[in-house]
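# sequence and computational prediction follow.
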Amino acid sequence: MQKVSIEALARQQLERAASTGRNAADTVVGGHERILRQTVVGMTAGSEMSEHANPGEATIFVLRGSVRLIAGDDQWDGRIGDLLVIPDAHHSLLALEDAAILLTVAKRP
């Protein structure tokens with residue numbers, strides 16, 4: 001069994017993002033070779049994950065701050081405690097303020 005403090009990882013990734021000026025991420029469960037992957041991502045205000053395809057079913061759980069998920073002409077804002085279901089479409093993510101998220105992806109086999 002493994003126990004991980006998501007709160008501590010969120011704090012670390014936000015600090016890394018602030019110090020490097022880039023998004024910072026740490027995979028908590030799984031990885032690229034596994035079906036399930038959970039990653040804590042820290043983003044500074046105004047930073048973005050540029051548009052990309054959805055590799056499978058995916059969600060974003062907002063741990064800190066607020067973000068905007070954009071897919072074509074649609075957009076959804078999320079703040080602390082919100083769960084955003086990522087559509088099966090090209091999408092991007094914008095940090096409206098300093099934010100930390102838990103990204104969960106179950107890749108298509």
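That came through, no problem.

# only C-alpha atoms from now on, for both contacts and neighbour counts.
Fine.

# which strands border the helix or strand bottoming out on mean pLDDT in the chain, and is each parallel or antiparallel?
Here the helix or strand of the chain ranked lowest by mean pLDDT, DSSP states H and E is strand 48-52, holding a mean of 92. Here strand 48-52 is paired, per DSSP bridges, with strand 91-95 (antiparallel).

# against which helices or strands is the helix or strand following the partner strand packed?
Note on strand 91-95: by DSSP states H and E, the next helix or strand toward the C-terminus is strand 99-107. Contacting strand 99-107 under the criterion 3 or more CA pairs under 8 Å, 6 or more residues apart in numbering; DSSP states H and E are the following elements: helix 6-20, strand 36-43, strand 56-64.

# export those to TSV and tack on distance to residue 90 and mean neighbour count?
Below are those laid out as TSV (distance: least, CA to CA, whole Å; neighbours: other CA atoms under 10 Å):
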stretch	distance to residue 90	mean neighbour count
helix 6-20	24	18
strand 36-43	19	24
strand 56-64	12	20
